[in-house]
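# Sequence and predicted structure are below.
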Amino acid sequence: MATVFNNKDRKGDKELGALYSEKLRVRKRREWRGVKDTMYDYGRWLYLWSIMVNCTMSKGFIKGMFRYRWMSNYLFVPHMLDKFTIGLRDEPLRITHTAMDFVVYDVAESIKNCMRGDRRVGNDVEYSQNCVLCDENAMTAFMMGFPTVKAILREVPTMFSANLLNQYSTTHYLDIAQQFGLPGDVCPMPEAEVGISIDDDFPVLGKCAVQVNTTCDGSLLGNGVIAKRLEREYGIPTFQLVAPMRHKEEDVQEYAANDIKAAINFIEDQFGVKWDWKHYFECAKRVNQTTRDRMQWLEINSTNYPQFVGAVFSLYNDTNYMGNCGRSADFPPINDKINKLVMQGYEKKTMMAKEYRHRCIVWGVQPQYCIDMLYWMVQCWGVVPLTDMLSMVIDREIAEEDTPENREQAYYDMAWLNENMIMRNRTHGGYKVLVDELWEFCEKMNADMVMMWEHMSCKALCGMHGQFEEQARERGINLVWVSHDLCDPRVYTRNAIRGQFSAYMRTVMREEPLDPSIETLPDDGNAL
Ligand code: SF4
């Protein structure tokens, strides 16, 4: 059993169920957090609207609003932040806003870039001809030495972020893919992407594209269909960067490094530019800062006073580690602000809920973005999500000084980053990365509980079900299974997801909720 603390000074709303309306099935009002924190939260709410208004004034945006069905989801951005900040005060509230507001800014920039270059709306041909379409499920490491070429991750605004805002954002595209004859038992994430392509709802821009495999069946299914459309219909040459399956093995590293070299050569040929080593090593320094900072946040989370947790911890890491991969100088100052707040919260012993009962590692591939599950776990049951599988990526630094040896090492480092893309680094690569390392993290972070997201369409993950069960029992770890089907809410609704967790807490742990008013929320069946 984890240590229990009591925090009697929580300001503002104490029973969070008061925020919801059974009749409306959405929140009826914003949370009262005491004067200071409510004013801060309101200021950030205004800031979010300013990002969105600025985005609407960009080239091609209005035309894009009428052309693309996924665009309307972005009206719900402020509501997403309300979900991610439920019950938060003081430093955790500020950490969440600092990280998430920058993620919103980054996605808004991505929408602007897509609309500007899109042949159908902005149609800025010169701009489009200077862009590479990069796979969302890829480290953009192979772009670290191309400062003048723009990487566009068009799946981020169309599929991934849209689904953070509206849990039904992908269902139309899943139906389209299946009407086209694609199997319905693959992962809805790559299937939704291929549905968007079949429905011709992706922005079309770029001189060339780089696709990266996720080494799972859904990704292989999707990439082939999307690549055909890119090459044959839009005339966009597409390079296939193929990460090895057993990415921890020594004997695959040379192959992976050569593949990175080939991707770089492809881009050099397409744009007639040379790889810039000076810029690469500047980016490498930022990748290393990202790694060091993430390790520090995890270290604080392994103490009794975790500060930076939940879906936003994961989303910020995804954006910074994977999408940015050291290429943007905008991230380090945000990291510095978060560092300061994390240390301040730790020193002040700031807590997110009145009591912490269990210390939990969240494992498996998560739908936690379109459901406020992790923040709900803290507020409803006093279970603190210390970290999640997608945030457990590289922990070693890459070569950052420009020397002849390091230029050769750099290909191996980029390959290592690519192999350790979030999700694939654990769902593929064998039982050691998926099962064994989980117990190591439980020990390091003093966790007594694991919440296993059982993503029913991710076969590599589900295949280990019995081994997780057996080994958790041997180690005395409380293992909670929570099934879901990622971005298809028709299979498991939000209350069906929360209900599995609550059933475990009541029947196995024999505990009552900290805040019973939110055990069941009236948010099933609505988009938000
Ligand atoms: S969740 Fe699993 S099946 Fe889906 S894309 Fe990731 S690795 Fe593939």
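Right, received. Where do you want to start?
# number of nearby residues for the residue of the stretch 351-500 of the chain found nearest the ligand?
The stretch 351-500 of the chain approaches the ligand most closely through C458 (3.1 Å), counting by Cβ to the nearest ligand atom. All C-beta spots, glycine's among them, are computed from the backbone N, C-alpha and C. Using other Cβ atoms under 10 Å, C458 is surrounded by 22 other residues.
# Pretty sure it sits against M389.
No: assessed by Cβ atoms under 8 Å, C458 is found out of contact with M389, at 11.1 Å.
# any residues in contact with both of these two?
364-365 (Cβ atoms under 8 Å, 6 or more residues apart in numbering).
# And the residue of the stretch 351-500 of the chain closest to the ligand, how far from A177?
17 Å (Cβ to Cβ, to the nearest Å).
# now N446
43 Å.
# Contacts only, for the residue lying closest to D106 once chain neighbours are set aside.
Leaving aside its chain neighbours, D106 sits nearest to T319 (5.6 Å; criterion: Cβ to Cβ, 6 or more residues apart in numbering). Each residue near T319 by Cβ under 8 Å, 6+ apart is listed here: 102-103, 106.
# What is the nearest of the residues you listed to the ligand?
For the contacts of T319, the nearest to the ligand is V103 (19.8 Å; Cβ to the nearest ligand atom).
# ok but the closest one is inside a helix, no?
Yes: checked against DSSP: H, G, I helix; E, B strand; the rest coil, V103 lies within a helix.
# gap between the nearest residue in space to it that is not next to it in sequence and M100?
Using Cβ to Cβ, 6+ apart and skipping the chain neighbours, the partner closest in space to V103 is T319 (5.0 Å). For T319, the distance to M100 (Cβ to Cβ) stands at 10 Å.
# Show me whatever sits in contact with both of those two.
By Cβ under 8 Å, 6+ apart, no residue touches both T319 and M100.
# So Q409 versus A243, what's the distance?
19 Å.
# no no, R33
From R33 to A243 the distance is 44 Å (Cβ to Cβ).
# So for those two, which residue has more residues nearby?
Between R33 and A243, counted using other Cβ under 10 Å, the more crowded position is A243 (25 against 22).
# would you say the residue nearest to D106 is within a helix?
Yes: counting by three-state DSSP, T319 is part of a helix.
# mind checking pLDDT for it?
For T319, the model assigns a pLDDT of 94.
# Same question for E419.
At E419, the pLDDT recorded in the model is 94.
# Tell me the gap between stretch 488-504 and the middle of its chain.
20 Å (Cα atoms, centre = their mean, to the nearest Å).
# And stretch 461-478, by the same measure?
With Cα atoms, centre = their mean, you get 25 Å for stretch 461-478.
# for stretch 327-344, same thing?
Worked out by Cα atoms, centre = their mean, stretch 327-344 lies 18 Å from the chain centre.
# quick one: buried residues of that stretch?
Residues of stretch 327-344 classed as buried: 327-328, 331-332, 334-335, 338-339, 341-342 (neighbour count, 16 or more other Cβ atoms under 10 Å).
# Show the backbone phi and psi for the residue of the stretch 51-200 of the chain found nearest the ligand.
Nearest residue of the stretch 51-200 of the chain to the ligand, counting by Cβ to the nearest ligand atom: C187, 3.0 Å away. In terms of degrees, to the nearest 10, the main-chain angles of C187 are phi -60, psi 130.
# I'd guessed it sits against C458; true?
Yes: when contacts are counted by Cβ under 8 Å, C187 is listed as touching C458 (5.7 Å).
# Could I get the pLDDT score of M1?
For M1, pLDDT reads 46.
# How many residues are close by L220?
Count around L220 with other Cβ under 10 Å applied: 13.
# what helices or strands is the helix or strand harbouring it leaning on?
According to DSSP states H and E, L220 maps onto helix 217-228. Contact analysis of helix 217-228 by 3 or more Cβ pairs under 8 Å, 6 or more residues apart in numbering; DSSP states H and E lists helix 188-198, strand 208-212, strand 238-241 as its packing neighbours.
# Looking at those, which is nearest to I226?
Nearest of the helices and strands packed on helix 217-228 to I226, taken as Cβ to Cβ: helix 188-198 at 4.6 Å.
# Excluding sequence neighbours, find me the nearest residue to F266.
In space, F266 is closest to F239, 4.4 Å off (Cβ to Cβ, 6+ apart).
# I figured that neighbour hits N265, correct?
No: in this structure, F239 is not within contact of N265 by Cβ under 8 Å, at 9.4 Å.
# Looking at the two, which has the bigger crowd around it?
F239 (21 against 12).
# Might you report the residue contacts of the more buried one?
Counting by Cβ under 8 Å, 6+ apart, F239 has contacts 208-211, 262-263, 266-267.
# Redo these as CSV? Include pLDDT and neighbour count.
Below are these laid out as CSV (pLDDT from 0 to 100; neighbours: other Cβ atoms under 10 Å):
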residue, pLDDT, neighbour count
C208, 98, 21
A209, 98, 24
V210, 97, 22
Q211, 96, 21
A262, 98, 14
A263, 98, 23
F266, 98, 19
I267, 98, 21
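# ok, back up a step: which residue is the nearest non-sequential neighbour of the residue of the stretch 51-200 of the chain closest to the ligand?
Per Cβ to Cβ, 6+ apart, closest to C187 is G218, 3.7 Å.
# Is it correct that the one you found is in contact with A460?
No: assessed by Cβ under 8 Å, G218 is found out of contact with A460, at 10.8 Å.
# Looking at these two, which is more packed in?
G218 (24 against 20).
# circling back to that earlier point, deepest in the core, which of the helices and strands packed on helix 217-228 is it.
Compared across these, helix 188-198 shows the largest average neighbour count, a mean of 26 (mean count of other Cβ atoms under 10 Å).
# now for it, which elements pack on it?
Contacts defined by 3+ Cβ pairs under 8 Å, 6+ apart place helix 188-198 against helix 171-179, helix 217-228.
# These into a markdown table, with extra columns for mean pLDDT and distance to the ligand?
Output for the helices and strands packed on helix 188-198, formatted as a markdown table (pLDDT from 0 to 100; distance: least, Cβ to the nearest ligand atom, whole Å):
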| stretch | mean pLDDT | distance to the ligand |
| --- | --- | --- |
| helix 171-179 | 96 | 13 |
| helix 217-228 | 91 | 5 |
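# Thanks a lot, catch you later.
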